[in-house]
Each structure stands twice: as C-alpha cells, then as structure tokens.
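Participant: Compute the structure for the input listed below.
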Amino acid sequence: MKMMKLAAVLAATVVAAPAVAQDLHFPMLNYRTGPYAPGGIPFADGYQDYLTLINERDGGIGGLPIRTTECETAYNTERGVECYEAIRGDNPLIIQPLSTGITYQLIPRVTEDHIPLHTMGYGRTSAMDGNTFPWVFNYPANYWDGASVAINHLLEQNGGSLEGKKIVLVYHNSAYGREPIPTLENLAGREGFTFLPIAVDHPGQEQGSQWLQIRRERPDYVIMYGWGVMNAVAIQEAANIRFPMENFIGIWWSGSENDVLPAGAGADGYTALTFHGLGTDYPLYEQLQEYVIDRGLAAGNGDQIGSAVYSRGLYAAMLAVEAARTAQEIHGHAQITPSEMRDGMEALSITEERLAELGLPGFSAPFNVSCENHGGGGQAMLQQWDADTQSWSLITGWISSDRELVTTLALEDSAAFAAENNITPQCN
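Facilitator: This next block holds a predicted model:
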C-alpha cells in the first residue's frame, strides 16, 4: 500500500510540448521541503531548467524529448529508496539522489538493475574506482578531493607548512559528514597539524555546545561539511564567537547564498570550495533567459537562478545530457537504454572547447572519465562571500587534490568492498 501511494504521488512532467511515444527519462530525486530544502531547492531548479532548455531550444537530445519525473525525498534515506523503487521500471537513464545516505543504499540496487548512478561531488568516495563500482560515478570531484584541496590551499597560505596548526572539522553526523575524516587524519599525520573532528547531529539547528568547544580549542582553521540549515547555524555561531571567517572553509555543499545570508555582515569573508564557476556571466544564461525564463518555464519560484547551488544543479544536468549524447554516438541510435547511458558516462570527455560550445567557457575544469576512473580530475577552487555586495567571488584558480593519496585510500576501501561482496574487477 505504501508503494502504491508513493507511485500515485510521483509526478511525471514532460518538459517537451508534444506528447510522443519515445522519450529520454531523466528522473529527479529532490527535496524541496524540510531542513535541507535550502540546498535541495536551488539544485532541483537548476537541474530542471537546463533540461527544459535542451527541450525548448534543441527539441531534446538526438531528436528525442527529455521527460522528467520528480519525487520528493525530504533528504530521508528510506523515502529516497522508495522513490527509486517507484521509478526503476520506467527506463530511468540516470539516478542523481543528492544524498550520501541514499547513495549508500542505492549502490547495490543500481548495480543489480544496471542503472547508472551519478553522485556528483558526494556519495561513496571509493566509487571513483570503476573497477569495483561499474554503475556508480562521482565525477568531477569527491569528498576526499575536497578535504585535500582545502589542506593544499592552507599549505599555500602558510608557506608550505601546517606544522603545529590546529584544524577542526565541523561535520554533519551522517555518512556524508564522516566521509572526509580518514583523509584528514592521514593528512594530519603527514603535515604535522592537530586534527579535531566535531559532530553536529541532524538537522543541525542546535550547535551551541560545539562552538563553545571550538572557542575553547582556539583552532587556526575550521573546515565544515554541512548541509541545509546546519550551514547557516554554523556560520552564525562562528560569527557569534568572532571566529575569523577567512579561516572558515566549507565544502562545496556549505557554500550557497542560503548559507550566508542569514548571518548578515557576520558572514563576510567566509570561504567555501566549488568545482564550477559562479554567477550568470555565461552565454548559456542568455539562452536560459530566452528559452526558459521568458517563456514562463522556470522551475520552482524562479528566484534561485544564478545562485551557487542552482549552477551546480545546472552543471549536473549538463553532464547528464552530454553523457546521453555520447551514448547515442557510441550506439548509433537515439533511444538509449540505461545500460547504454552508462557507456556514455564512462566515455564522457569534458574539454575546454566543448564547454565553450555549450555556452559555459571556463565553467569547470576539463576532465575525462574511464573504466578505471569514475571520479574525474578532483580539482576545486575557493570562493569567498562579500556581505556588502551579497555575492561570491573566486579567490583562487583551480587547486588539485593529492590524487595519489586519494586514489590509494579509495582503492583500499573499494578492494575491501569487492572482497566482502565477491565482486570481480570490471576493467580489462
């Protein structure tokens, strides 16, 4: 009965104007409600607006319209699995759960069902090893890349040495927040800094004790892996204890306008990682204006356009569309299957030239995907918040993670997973 109710609620919205017998199904596991909506809403809007653009401007991909279905998960793992079960039989080309907890539950299911899973910048980090996780992709960067990039940035800021420094990780007490701990522990041993992880329980609205501890510990830097309301509360608490915002670095999921605006002037100088460009100064946004916004087709309230996480949702949709194009080219027909979509994802190549053709010059670092590497290049930049202009600006160029370390740790984890689950390596 529960699944029947969910299936009845699941809304199928055809983004193309005419109804046709054939289409390309891009489901959306969203959360527009609850304490994580500040991140879920802009991502969902950006994702859907890009797919609408492809339909309105190009008539779909390879002559076939895109159909989207949207299912509300509220960032709840059980509901996310129920959403997946409701759509798995409807030829979904790609699943993007936007949740590490849901990702962990879906990995065995998509592997059995042969449906590709894209966890862009989140999920299980060791899934970058396509040898063990052939149906899972987390390009262009993962949580361990993010931790390594943050430390590499701090090394650069400190003349190449963090010896004697103290770095706190404030993290969402979930599979997501715990992901970077092994990497930061390893880096602490190598670089000589003291590492202190401090957990914040769901949903993150109560953090007084954690920030009192931080005030007592007097760390040199704080790194945050937060999401939803947790981010805004943490930034306000940091401002309350007058922690220097330029020494506070959020992962890319802790760097939206919705995270900093509630703190007002107190958020000035706060920094966060990003693996894509900022703002609307790209030709693509002119096309969005013409084909989507001016036609009254913008998703949601239309008030998130150009924001940081809106651009991330747009980027995720762009990568999905490019993978579908690649799959169509590989297999020589437009009506691709989920298995064929996987082939397109594994052969995906994002070049500077292609980004320019898409109207997003310089928007992301170029990267290639292969059987062995489902994780992309692992690069990121730092953005900083200006409370006066209420805008983000990039303060670094692309910073590479320590891919040797990240890959070593990932292969150790994936090898253990393969042994536990009797997985035969997939790459020749």
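
Participant: Doesn't N301 lie inside a helix?
Facilitator: No. Read with DSSP: H, G, I helix; E, B strand; the rest coil, N301 is coil and lies in no helix.

Participant: pLDDT score for it?
Facilitator: Predicted confidence (pLDDT) for N301: 93.

Participant: Over to the one 4 residues further on?
Facilitator: I305 is assigned a pLDDT of 96 by the prediction.

Participant: burial count for it?
Facilitator: Around I305 there are 22 other residues, counting by other Cβ atoms under 10 Å. Where C-beta positions appear, they are placed from N, C-alpha and C, glycine not excepted.

Participant: show me the contacts for it.
Facilitator: Shown in contact with I305 (Cβ atoms under 8 Å, 6 or more residues apart in numbering): D45, G46, D49, T280, Y285, L288, I293, A298.

Participant: Can you tell me the element the first one falls in?
Facilitator: Take DSSP states H and E as the rule and D45 turns out to sit in helix 37-58.

Participant: Now E70: which helix or strand?
Facilitator: With DSSP H and E as the test, E70 turns up in strand 66-72.

Participant: re earlier: list the helices and strands the helix holding D45 packs on?
Facilitator: With contacts defined as 3 or more Cβ pairs under 8 Å, 6 or more residues apart in numbering; DSSP states H and E, helix 37-58 has these neighbours: strand 24-30, strand 66-72, helix 229-240, helix 257-260, helix 283-288, helix 308-331.

Participant: JSON lines for those, including mean neighbour count and distance to A365?
Facilitator: Formatted as JSON lines, these follow (neighbours: other Cβ atoms under 10 Å; distance: least, Cβ to Cβ, whole Å):
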{"stretch": "strand 24-30", "mean neighbour count": "25", "distance to A365": "24"}
{"stretch": "strand 66-72", "mean neighbour count": "22", "distance to A365": "26"}
{"stretch": "helix 229-240", "mean neighbour count": "23", "distance to A365": "24"}
{"stretch": "helix 257-260", "mean neighbour count": "24", "distance to A365": "23"}
{"stretch": "helix 283-288", "mean neighbour count": "17", "distance to A365": "17"}
{"stretch": "helix 308-331", "mean neighbour count": "23", "distance to A365": "12"}
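
Participant: the inter-axis angle of the helix holding D45 versus strand 24-30?
Facilitator: Interaxial angle of helix 37-58 relative to strand 24-30 (axes from the mean of the first three to the mean of the last three Cα atoms, to 10 degrees): 160 degrees.

Participant: With adjacent residues omitted, what lies nearest to Y143?
Facilitator: If the residues on either side of it in the chain are set aside, Y143 comes closest to E179, at 4.0 Å by Cβ to Cβ, 6 or more residues apart in numbering.

Participant: so who does that neighbour touch?
Facilitator: Taking Cβ under 8 Å, 6+ apart, one finds T100, T125, Y143, W144, Y225 in contact with E179.

Participant: ditto for L212
Facilitator: L212 neighbours (Cβ under 8 Å, 6+ apart): I241.

Participant: Secondary structure of it: a strand, I assume?
Facilitator: No. L212 is assigned helix when assessed by three-state DSSP, not a strand.

Participant: Model confidence at it, what's the number?
Facilitator: Per-residue confidence at L212 stands at 97 (pLDDT).

Participant: Look up how far F243 lies from it.
Facilitator: 12 Å (Cβ to Cβ, to the nearest Å).

Participant: do the same with N368
Facilitator: Distance from N368 to F243, by Cβ to Cβ: 40 Å.

Participant: which of the contacts of I305 are buried?
Facilitator: Neighbour-count burial (16 or more other Cβ atoms under 10 Å) applied to these gives D45, G46, D49, Y285, L288, I293, A298.

Participant: Report pLDDT for the first one.
Facilitator: The per-residue pLDDT reported for D45 equals 98.

Participant: Distance-wise, check it relative to A415.
Facilitator: For D45, the distance to A415 - Cβ to Cβ - is 39 Å.

Participant: N368 and F243: who's more crowded?
Facilitator: Counted by other Cβ under 10 Å, N368 and F243 do not tie: F243 has more neighbours, with 22 against 13.

Participant: which intervals of the chain have sub-threshold pLDDT?
Facilitator: Within the chain, the segments meeting pLDDT under 70 span 1-21, 428.

Participant: mind listing what's buried in stretch 267-283?
Facilitator: By neighbour count with 16+ other Cβ under 10 Å, stretch 267-283 contains the buried residues A267, D268, Y270, T271, A272, L273, T274, F275, H276, G277, L278, Y282.

Participant: Next up, the contacts around G397.
Facilitator: By Cβ under 8 Å, 6+ apart, the residues touching G397 are M381.

Participant: Please apply the same query to D145.
Facilitator: Per Cβ under 8 Å, 6+ apart, neighbours of D145: G375, G378, Q379, A380, S401, R403, V406.

Participant: which of the residues in the helix or strand hosting it are buried?
Facilitator: Secondary structure assigned from DSSP H and E places D145 in helix 143-157. Neighbour-count burial for helix 143-157 flags Y143, W144, D145, G146, A147, S148, V149, A150, I151, N152, H153, L154 (criterion: 16+ other Cβ under 10 Å).

Participant: cool, stretch 338-357 as well?
Facilitator: Under the neighbour-count criterion of 16+ other Cβ under 10 Å, stretch 338-357 has P338, E340, M341, R342, D343, G344, M345, E346, A347, L348, I350, L355 buried.

Participant: same thing with stretch 71-86?
Facilitator: For stretch 71-86, the neighbour count (16+ other Cβ under 10 Å) marks 71-77, 79-84, 86 as buried.
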